[in-house]
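Student: Kindly generate the corresponding structure for this input.
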Amino acid sequence: MNEVKAFIRCDKAEAVIDALADIGVLKLSVSTVKGIGRSIAAESESRYSVNLTQKYSKITKLEIVCRSTETTKIVETLRKAAYSGQQGDGMIYVVPVETAVKIRTGVYGGDAL
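Tutor: Numbering: from 1, shown residues only. As a prediction, this is how the structure comes out:
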């Protein structure tokens, strides 16, 4: 199993969620977060300071836990739907998940998804 984390532009969130639904991904977490990246401030201003706090970008974070066999399809769907061609389109990270446990039933592993 893997966890796919995507940090995307807020204005792309609806299109990305719709694209994921089209491939059968209906379970995901969505959060609004603040991020700092190269596209936020000039290099000379890129340090953590009071001035920079006003230059955070509001972005959407998507988190999906999936079977390893589904990872590539999910990543490519995210990438295509979130793409604008402009700096700051976002990032996708994939990390392994050791196990998953459904709290209500106690089911472990892939069956918990």
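
Student: In terms of pLDDT, where does Q86 sit?
Tutor: If you check Q86, the pLDDT there is 89.

Student: cool, E43 as well?
Tutor: Residue-level confidence at E43 comes out at 50, pLDDT.

Student: likewise the one 5 residues further on?
Tutor: pLDDT, Y48: 53.

Student: Ok, L52 next?
Tutor: 49.

Student: pLDDT (mean, whole number) over the longest helix along the chain?
Tutor: The residue-count maximum for a helix in the chain (DSSP state H) belongs to helix 71-82. Taken as a whole, helix 71-82 has an average pLDDT of 98.

Student: buried ones in that helix?
Tutor: T71, I74, V75, T77, L78, A81, A82 (16 or more other Cβ atoms under 10 Å). Quick note: C-beta positions are derived from backbone N, CA and C, even for glycine.

Student: starting at the chain centroid, how far to the helix or strand immediately after it in the chain?
Tutor: Sequence order places strand 90-96 as the next helix or strand after helix 71-82, per DSSP states H and E. Centroid displacement of strand 90-96 relative to its chain, using Cα atoms, centre = their mean, to the nearest Å, is 7 Å.
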